[in-house]
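Need the 3D shape of this:
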Amino acid sequence: LVIISLVDATITAVVGKKSKIFGMLRVFRLVRALRPLRVINRAPGLKLVVQTLLSSLKPIGNIVLICCTFFIIFGILGVQLFKGLFFYCDGPDIANQNITDRIECLSHEENRWINQKYNFDNLGQALMSLFVLSSKDGWVDIMYHGLDAVGIDKQPKQNFNEWRLLYFISFLLLVGFFVLNMFVGVVVENFHRCRAEQEKEERAARAIKRAKKIEERRRKMMERPYYMDYGAPRLVIHKMVTSKYFDLAISAVIGLNVITMAMEFYMMPVELEFAIKIFNYFFTGIFIIESWLKVSALGVGRYLSDRWNQLDVSFVFLSIIGIALEEIEGQVFPINPTIIRVMRVLRIARVLKLLKMAKGIRALLDTVMQALPQVGNLGLLFFLLFFIFAALGVELFGRLECDEEYPCQGLGEDAHFRSFGMAFLTLFRIATGDNWNGIMKDTLREECDSSEECLRNCCVNQYVAPLFFVVFVLMAQFVLVNVVVAVLMKHLEESHKQMEDDVEVELELEKQLALAHELFPTG
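Next up, the predicted model:
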């Protein structure tokens, strides 16, 4: 970091601020933003993530070598098959001119004989086209250009050679689906390997936690049940609300409620609207009765000690408030219609009550909640990546224009690099794989201003632009996203181990009880 700063200061002092090429080097001062990562030794979660990325470099390097081998093989084959074949005639009246070759095209002054941005004229262009193919964004257009190609200086014809389809399908199957997905396995494997040192600590922690659980359960079993002093009516209610059939009945009610909510549509008849309103009153009444029965059986303190019960109570209150607002709307005092719509939308949250009934779904939800701190660490790394590339994007592509004179296929009012905020959003769009090849194609335009004092529609280096997008797509789509997968898999594994420990605790308690009855028979 210090060396980069010294080099930047030296170049700025010697060359000056007007040099476009050396001015770009100032962006690398953003690498100093990595200084906060010095605290990773004090943050075990972030340390594990960074350690995973660093330890994955060597195995990922092996995968990169395999990918490069396939890319070079298919690149050389693509050059042999398609070099010089992706040119076509462009003009305002091509359909009526019956163009067949370059000479006929250029015989009309308004026509141009141009090449596709993604072509196979040389190995470099072929590798860039193959990378776009492997990302599966816009690969169909490149394939169709290959199928339509007729010959050198010949106008393309639709589906001229359909056998060339085998080239593109073979590349997608071997590289796009098989080789690139090996990144997932490599990153996940190294993530678990990094956790090998922490496994001993985790096993010791699980053993302590298991012993505490056994002691707590044994103490609770020795205590007098809280419902022993209940009267006969309250005992009946307690037995009913703790029965699995009661939960099944509530689940069925929730399912019917979801079906009635799904029946709403635009311009529905008044009769159906009234029926749905009555159903909402009915289901709200059932949920109120459910909460009242559980409070009567368990008591307020014991009932609200469970977070799922707290969620149920919040749903009941929201339903009551929503019904009250609908009834007094426009009668007592004016109410913003947006509030009414929000309360109606919140009814959908009743589906979450089903999570309480399904232990498997609850385990997955707990896994996601436990993974949030680690995902937060990854979010910090994502933010750093986006921050650096957004600043680079503003410097490199901030002066590109998109209008009738300079038409664009990806850049526009909703995706550009003229400001840092929009550059950040554009990079997020690229990270999702949405038309990133069109954005890169716009940065490779030839009709631009290459002067040093350029302020509008400035040219971008033909090597820097592809490097920018290829590195970002590799980092965002293939590396960091797979680390997120590794984090979720790690916590899912821990969740399964926790469930297994709970089962073992139950079995051990049963064995201890059986042994106690044998040694100290009561009868």
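
Please, where are all the strands along the protein?
For the chain, the strands defined by DSSP state E cover 87-90, 112-115.

Tabulate these in JSON lines, adding columns for mean pLDDT.
Below are the strands of the chain laid out as JSON lines (pLDDT from 0 to 100):
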{"stretch": "strand 87-90", "mean pLDDT": "89"}
{"stretch": "strand 112-115", "mean pLDDT": "88"}
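
Would you mind finding the most buried of these?
Highest mean neighbour count among those (mean count of other CB atoms under 10 Å): strand 87-90, with a mean of 18. All C-beta atoms are positioned from the backbone trio N, CA, C, and that covers glycine.

Per-residue pLDDT of the residue lying closest to residue 288 once chain neighbours are set aside, please?
Leaving aside its chain neighbours, residue 288 sits nearest to residue 316 (5.7 Å; criterion: CB to CB, 6 or more residues apart in numbering). Looking at residue 316, its pLDDT stands at 84.

what residues are up against residue 316?
Going by CB atoms under 8 Å, 6 or more residues apart in numbering, residue 316 touches 284, 287, 288, 291.

Residue 287 contacts residue 318, correct?
No: between residue 287 and residue 318 there is no contact under CB atoms under 8 Å: 10.4 Å.

Give me the more crowded residue out of the two.
residue 287 (21 against 17; other CB atoms under 10 Å).

List the contacts of the more buried one.
By CB under 8 Å, 6+ apart, residue 287 lies in contact with 253, 312, 315, 316, 319, 350.

That one and residue 233: what is the separation?
Distance, residue 287 to residue 233, by CB to CB, to the nearest Å: 22 Å.

And residue 155, by the same measure?
Distance from residue 155 to residue 233, by CB to CB: 90 Å.

more neighbours, those two?
The neighbour comparison of residue 155 against residue 233 (other CB under 10 Å) goes to residue 155, with 20 against 9.

so what's the more buried one closest to, chain neighbours aside?
Leaving aside its sequence neighbours, residue 155 sits nearest to residue 99 (CB to CB, 6+ apart; 4.8 Å).

Same check on residue 264?
Counting by CB to CB, 6+ apart, the residue nearest residue 264 is residue 276, at 6.2 Å.

and residue 107, how far is that from residue 100?
11 Å.

higher neighbour count, those two?
Legend: neighbour count by other CB under 10 Å for residue 107 and residue 100, higher for residue 100 (13 against 10).

Can you get me a residue count around the residue nearest to residue 155?
23.

Quick one, grab the pLDDT at it.
84.

Could you pull up the contacting residues of it?
89, 105, 111, 155.

How about the contacts made by residue 427?
Applying CB under 8 Å, 6+ apart to residue 427 gives the contacts 386, 389, 390, 393, 472, 476.

and those, which of them are in helices?
386, 389, 390, 393, 472 (DSSP state H).

Could you save those as CSV and add columns showing distance to residue 464, neighbour count and pLDDT?
Converted to CSV, the ones in helices among the contacts of residue 427 look like this (distance: CB to CB, whole Å; neighbours: other CB atoms under 10 Å; pLDDT from 0 to 100):
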residue, distance to residue 464, neighbour count, pLDDT
386, 19, 20, 85
389, 13, 26, 84
390, 16, 22, 85
393, 11, 27, 84
472, 12, 20, 88
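
Quick check: of those, which lies closest to residue 264?
Residue 264 lies nearest to residue 386 out of the ones in helices among the contacts of residue 427, by CB to CB, at 38.9 Å.

Was I right to think the closest one contacts residue 426?
No: using CB under 8 Å, residue 386 is not in contact with residue 426, being 10.1 Å away.

just for the stretch 251-400 of the chain, where's the confidence low?
Counting by pLDDT under 70, the stretch 251-400 of the chain has low-confidence residues at 329-346, 349-350, 352-364, 366-368, 370-374.

Would you map the helices across it?
270-298, 300-304, 307-328, 337-346, 353-357, 359-397 (DSSP state H, counting those that start in this stretch).

Of all those, which one comes closest to residue 54?
Ranking the helices of the stretch 251-400 of the chain by distance to residue 54, with CB to CB as the measure, places helix 359-397 first at 12.1 Å.

what's the first-to-last distance across stretch 411-429?
Using CA to CA, to the nearest Å, one end of stretch 411-429 lies 11 Å from the other.

in the stretch 51-200 of the chain, which spans are helices?
Under DSSP H, counting those that start in this stretch, the stretch 51-200 of the chain gives helices at 57-82, 102-106, 123-134, 139-148, 165-171, 182-194, 196-222.

C-alpha coordinates for the shortest one, CSV please?
The C-alpha atoms that make up helix 102-106 are tabulated as CSV, following Å, rounded to 0.1, in the frame of the first residue of the first chain:
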residue,chain,number,x,y,z
ARG,A,102,-18.9,-6.9,-49.6
ILE,A,103,-18.6,-5.4,-53.1
GLU,A,104,-22.4,-5.2,-53.5
CYS,A,105,-22.7,-3.7,-50.0
LEU,A,106,-20.1,-0.9,-50.6
